[in-house]
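Q: sharing a model that was predicted from the sequence below.
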Amino acid sequence: MSKTDNTVVIKKRKRSLNSVSIPAEIVINVILGIFCLACIIPFIFVIIISFSSQTSIREIGFSFIPNKWSLSAYKYIMDLGAQLWVSYFNSFFVTIVGTLLSVLICVLYSYALFRKDFKFRSFFTFFSFFTMLFGGGLAPTYMVCKNMLGLSDNYAALIVPMLVNPFNIIIMRTFFQSSVPTELIESASIDGSGEYNTLFKIIVPISKPGIATVALLNALAYWNEWFIPMLYVRDAKYIPLQYLLMKMQNQADFLVRNAGVLGAEASKIMSTIPQDTLRMALVVLIVIPIACAYPFFQRFIISGLTIGSVKG
Amino acid sequence: MARLKAEAKGKERGWGNRRKKTILLLSMVAPGAIWLILLRYLPMFGIILAFKNYKIYTKDPSLFNNIMHSKWVGLDNFKFMFKTSDSWVMIRNTLGYNLFWILLGIIIAVSFAVMLDQVTNKFVAKSYQTMMFFPYFLSWVVASYFVLAFLDPTRGLIAHFQKSHGMSVTNWYNEASYWPFILTIANMWKYIGYSTILYLAAITGIDASQYEAASIDGASKWQQVWYVTIPHLKTMIIILFIMNIGKIFNADFGLFYSVPLNSGPLFPTTQVIDTYIYRTLMATHNEGMSTAASLIQNFVGFICIMTANTIVRKVDEESSLF
Amino acid sequence: MKKVVSIILTLVLVFSLAACGSKDNKNTSGKVDNDKQTTNTGDTGAKATDAATDTAATPDISEPVTLKWYLDGSTVTDDKEVLAKANEYLKEKLNVTLEPIWGTWGDFDTNSVLAINGGDDVDIYFTSSWSANEYNAFAKKGAWVRLDNPDNNLIEKYAPELWKTLPTVLTDGAKINGSDGLGVYAVPGYKDIATQNCWDINATLLEKYGYTVDDIKKLDYYSFGDILKKVKDGEGDDFYPLLVEGAVLERMVDNSIIVTGDAGTNNLLSYYINPTDPSQEGSYGNKILSKFETPEYKKFVEKTREYFNAGYIDPAMGNANQANDTRTAKQLSGQYLIGTQSYSLGYEVQASSERKIKVEMVPSTPAYVDTTSSQGAMMAISTSSKNPERAMMFLNLLNTDPTLFTLLDYGVEGTHYDLKDGKVVFTDKRANYQPWTNGMGNVTQLPPLDGQDANFWDNFKSYYGSAKSIPALGWAFDPTSVETELGSLANVAAEYALALNTGTVDPATELPKFIQKLKDNSIDKVVEEANTQLADYLANKGK
């Protein structure tokens, strides 16, 4: 009984002190709701196309209400059989391992940059920031990765080239700056806590929202990447899902570019290129797993919110 | 107090400890730094390609030999960016869109993050946030199909509507003046979710005691937002702003190329530096020119970042990039 | 100095029609050598040929060699069985192990250029006048080994049979100005080497309105109006009778052709051919013109605008990225009356069965061979190859040995295809092994497919063999000195050309703007440079 009372009291307090007025919240919900609809409808559209028949697209173009429905795109994908599952596995494997490693490196690097008493702080900040702008370009990077580091036809080739992202390092550093009080580190150091101990036992737990965000950004980058697989991987057993899709997309683009020269040949090539419905079906298959993984990251990003407001 | 104590102790412990700390911190930086050296700094020798006429050294072809034995051509490779009557249009478009979108993006994303923070039902808040992220997964090519479904002059939804209401049909892909709006909407649609989450995570990191203190002082929720949340987001806003400024001379190629379907008559409002470079390289396939183009884009970005950073450092050192 | 010498040498030798392979030029001084050559041209030529045949008889193949072979357009996921067989065969013949790299349409352009520029260890590359590793440009950059270089005359020594098999239009078209002087830098593939643009007629629909294909044959683009009107009125508002591909339509109507080396997708330069006999000079002679400034072009875009305003052309044709998809979709569902099509032999049969309508092709000119089409698919030996000799031997065998070519292209008999009355019927396994036939080499060695005539390849050879070459065959524009201008012009053309070619914008206002912008970006300089080059080339060729 008393528990319920308590909750009521808390709710009342929350409304009065820690929340905006009800009309304001309605307005907020309407704005966010409309924006979210705009975000989700295109995806529904993609799903619809993936279930449309190709003849319908030919006759009436991309449409929310196709003339005819068809499962042929998904049937074709199922016919890919082993390759599909191999690619799924690769995508997951590369995303998980890549995210773990890159978050670790990022947290270490940015923590040192966050420490004002680090002697080389500004040097290493500039050292990473500079690469955000300047790079050697595609050909030299390709040569270093492939010929010097041997990143060719192996999982390392999919993971290593994206391991460090200066943008994320700076974001992470900013998160530290805004959520870790300097005194905390000082007092830890006085208590005799080693640098690594301080970082992993004290700083990391209170920086979860930031780390989760950076992890999410990394996971997305790995999941969406297709250019690096295109450059470094030939063997079908390493091809991730996103590249499987982009391969089809690139072929279609190629045809658009060269249609004038290829002439009648183009229609033969066309027959080897999967059609729009198939590409959309692949988009669906790519988006769904990462969308499902999203709440996992979100737990850390939003949970702080809930605690904060109850406390308030 | 704590600081004073620490300083006193630090002095006692002396140099040995400080060196140990530096070494430990260096060891944290090491993995990232090694990666940067190998995968970013080492390939930078390729930058000299921008000043060379790339030829293959037939006696022993390798990238290094080829670059070394190619002839110097000075700034010839840079000319194509400026020797065109389109220079003004593409630079204006690139800078204009970028500046406008950086500002608009900050305003909308911060507002959304604050609004999400106000939604009482956390399940709803989470759902909003998940949905906001969806556009980020759809590539511009896929998005362009969606836009086409609306704007197609013969079969699009809008054309249908116009026809059935006896209006004349708009040929969207032929009329440049509509595109600043379409592109702005598309850009916001795709990236707002992404930056909202950065701000939201920063809000989440705010120590709850600060709100408590504010509410004890009788601050209303809006006052709390204004006096606690926004100042707290300041660092993140400034850092993201500075980093975006660094890309001021780069444009999102997919947005400007795929979404307008590469339609010629739209160039006055859709031609940006990146699409110009792409079309040039499709015609010439010159490695030197492509290196030169990205060098100049990055150089401008670098200057802008350094300027912005210097200004920020003068006003508020804590928020500056370095 | 050595380069100059070899250029002079080459010219002399080309004239004598026998490239010299036996002479070791390495230690001879240029002047003396040159004099010797000039005085004894005929004599040396004859000797050289003898020597070449001698060496060809006993090439040294004692060392086992692995050849990496980079192809385009493949759909290959499992090549184990084919390679096992092919390598067994090649081991015996040439002591070679083959390692193909199956580039696809999507990745070849990026990856092959990276591999070439990075000096990757690849022996043979697919190259052509239209791929990103463009034959002429990369020959100039030094990516390809010159195959008829007097120093190491690879063709004479290792591939004489191959050179005899190829039609002269191909061997002529392959001879270009590269890093090592005028010569051959790649082996051209014998495929559909001629260009012929046709009006693609939906005969089923045409006959419904009481016309026949003969009626079309009597008309030209400027007089299609009545037929288009009648069909448009009959089929309704959403039907667009004229299904055009902007650039092809322009070429068909104006009798202009693609100038190799021109600015990619949107051509700026025009060479006008003679529509009745392409081997003769056209109305402007051997001259390059700025495509968009001619009176022909003005007349063409005005007519096209008229057709567009009358609702004969789908507005989608003016959007570069939408045009191709829409065109294919409309072709396949038969929603058109007259289309444009660059033709290849037997296409109307294929099209009729794909589209389930009666398709007829009405040619606008006789078939002709120009530089672009003769360089449509080639195999070049990379300068990074450690074994150019063996690579040449392999290319020779590939293009002259039907067993090897069929194995590498169609796969293993009994696994990827079965032979039924001498005709090929593919099995399901073919889906895992589908190289791009036209990108491999001499396709006339293949057995006919099921559904093709038994003498399909004879017809093929007589159709393409009889195609006439244009007077400027072999010449490709080298844009190196005007790349800056070409880059900005390509952007200008991308802005206006397609929209004008399809009538989606009004030429009365846009064409003058377009021309002004071309002038502002120095089109004249580019045209002048092209004409200088062409004149030089023709003068050299005539020597």
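A: Good, I have the coordinates.
Q: below-threshold pLDDT in the stretch 51-200 of chain B: ranges please.
A: Low-confidence segments of the stretch 51-200 of chain B, defined by pLDDT under 70, are absent.
Q: return the residues of it in contact with chain C.
A: Residues of the stretch 51-200 of chain B lying near chain C by C-beta under 8 Å from any C-beta of the partner chain: B:54-58, B:60-63, B:65-66, B:76, B:79-80, B:83-86, B:144, B:148, B:152-154, B:171, B:173-174. The way it works is simple: take the backbone N, C-alpha and C, and place the C-beta from them, glycine included.
Q: ok, and which of the residues you listed reach chain A?
A: Within those, those near chain A by C-beta under 8 Å from any C-beta are B:62-63, B:148, B:152, B:154.
Q: now intersect the residues you listed with the helices, please.
A: Among these, the members falling in helices (DSSP state H) are B:63, B:148.
Q: quick one on the thing from earlier: can I get the buried part of the residues of the stretch 51-200 of chain B next to chain C as one PyMOL selection?
A: Those of these that count as buried under 16 or more other C-beta atoms under 10 Å in any protein chain shown are selected in PyMOL with:
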select buried, chain B and resi 54+55+56+57+58+61+62+63+66+76+79+80+84+85+86+144+148+152+153+154+171+173+174
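Q: wait, what's in contact with the residue nearest the centre of chain B?
A: Closest residue to the average C-alpha location of chain B: residue B:244 at 4.6 Å, with C-alpha atoms, centre = their mean. Listed by C-beta atoms under 8 Å, 6 or more residues apart in numbering or on different chains, the contact set of residue B:244 reads B:98, B:102, B:105.
Q: so where does it fall, helix or strand?
A: helix B:230-245 (DSSP states H and E).
Q: how about residue C:97?
A: Assigned by DSSP H and E, residue C:97 belongs to strand C:96-102.
Q: wait, does that strand contact chain A?
A: Yes: for strand C:96-102 and chain A, the contact criterion (C-beta under 8 Å from any C-beta) is met by C:101-102.
Q: mind listing the strands that strand pairs with, and their directions?
A: strand C:65-71 (parallel) (DSSP bridges).
Q: now do the buried residues in the strand it pairs with.
A: By 16+ other C-beta under 10 Å, the buried positions in strand C:65-71 come out as C:65, C:67-71.
Q: need those residues in TSV with pLDDT, can you?
A: Shown next, in TSV, are the buried residues of strand C:65-71 (pLDDT from 0 to 100):
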residue	pLDDT
C:65	94
C:67	95
C:68	96
C:69	96
C:70	96
C:71	95
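Q: pretty sure residue C:255 contacts residue C:284?
A: No: if you go by C-beta atoms under 8 Å, residue C:255 and residue C:284 don't touch, sitting 10.1 Å apart.
Q: residue 102: neighbouring residues, count only.
A: No chain in the question, so chain A it is. Neighbourhood size, residue A:102 [other C-beta atoms under 10 Å in any protein chain shown]: 26.
Q: other chain: chain B
A: Neighbours of residue B:102 (other C-beta under 10 Å): 17.
Q: pretty sure it sits in a helix.
A: Yes: assessed with DSSP: H, G, I helix; E, B strand; the rest coil, residue B:102 lies in a helix.
Q: spit out the contact partners of it.
A: The contact partners of residue B:102, by C-beta under 8 Å, 6+ apart, come to B:241, B:244-245.
Q: same thing but 7 Å
A: B:241, B:244 (C-beta atoms under 7 Å, 6 or more residues apart in numbering or on different chains).
Q: next, count neighbours for residue C:380.
A: 29.
Q: and whichever strand or helix holds it, anywhere near chain A?
A: Assigned by DSSP H and E, residue C:380 belongs to strand C:378-381. No: using C-beta under 7 Å from any C-beta of the partner chain, strand C:378-381 never reaches chain A; the gap is at least 14.0 Å.
Q: hmm, who's touching that strand?
A: C:123-128, C:135, C:144-145, C:147, C:174, C:185-189, C:388, C:391-392, C:395, C:441.
Q: among these, which lie within helices?
A: C:135, C:174, C:388, C:391-392, C:395.
Q: okay if I get those residues as CSV plus pLDDT and distance to chain B?
A: Shown next, in CSV, are these (pLDDT from 0 to 100; distance: C-beta to the nearest C-beta, whole Å):
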residue, pLDDT, distance to chain B
C:135, 93, 12
C:174, 91, 19
C:388, 93, 11
C:391, 95, 15
C:392, 95, 16
C:395, 95, 19
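Q: so where do the strands sit in the stretch 201-350 of chain C?
A: C:242-243, C:256-257, C:269-272, C:288-290, C:338-342 (DSSP state E, counting those that start in this stretch).
Q: rounded mean pLDDT for the longest one, please.
A: The predicted model gives strand C:338-342 an average pLDDT of 91.
Q: strand partners (parallel or antiparallel) of that strand?
A: strand C:197-202 (antiparallel), strand C:242-243 (parallel).
Q: cool, the fourth one as well?
A: Sheet pairing here is set by DSSP bridges, and for strand C:288-290 it gives strand C:269-272 (antiparallel).
Q: dump the C-alpha coordinates for the strand it pairs with into PDB.
A: Presented in PDB, the C-alpha positions along strand C:269-272 are these (Å, rounded to 0.1, in the frame of the first residue of the first chain):
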ATOM      1  CA  LEU C 269      33.700  16.300 -79.900                       C
ATOM      2  CA  SER C 270      32.100  15.000 -83.100                       C
ATOM      3  CA  TYR C 271      33.500  13.300 -86.100                       C
ATOM      4  CA  TYR C 272      30.900  13.100 -88.900                       C
END
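Q: contacts for that strand?
A: C:255-257, C:259, C:262, C:282-284, C:288-291, C:294, C:472, C:477, C:527, C:530.
Q: got the buried residues for that strand?
A: Applying 16+ other C-beta under 10 Å to strand C:269-272 flags C:269-272 as buried.
Q: determine how far that strand lies from the middle of the whole chain.
A: The chain centroid and the centroid of strand C:269-272 are separated by 17 Å, computed with C-alpha atoms, centre = their mean, to the nearest Å.
Q: over to stretch A:285-302?
A: Centre-to-centre, stretch A:285-302 and its host chain are 9 Å apart (C-alpha atoms, centre = their mean).
Q: and if you look at stretch B:135-148?
A: For stretch B:135-148, the distance to the chain centre is 18 Å (C-alpha atoms, centre = their mean).
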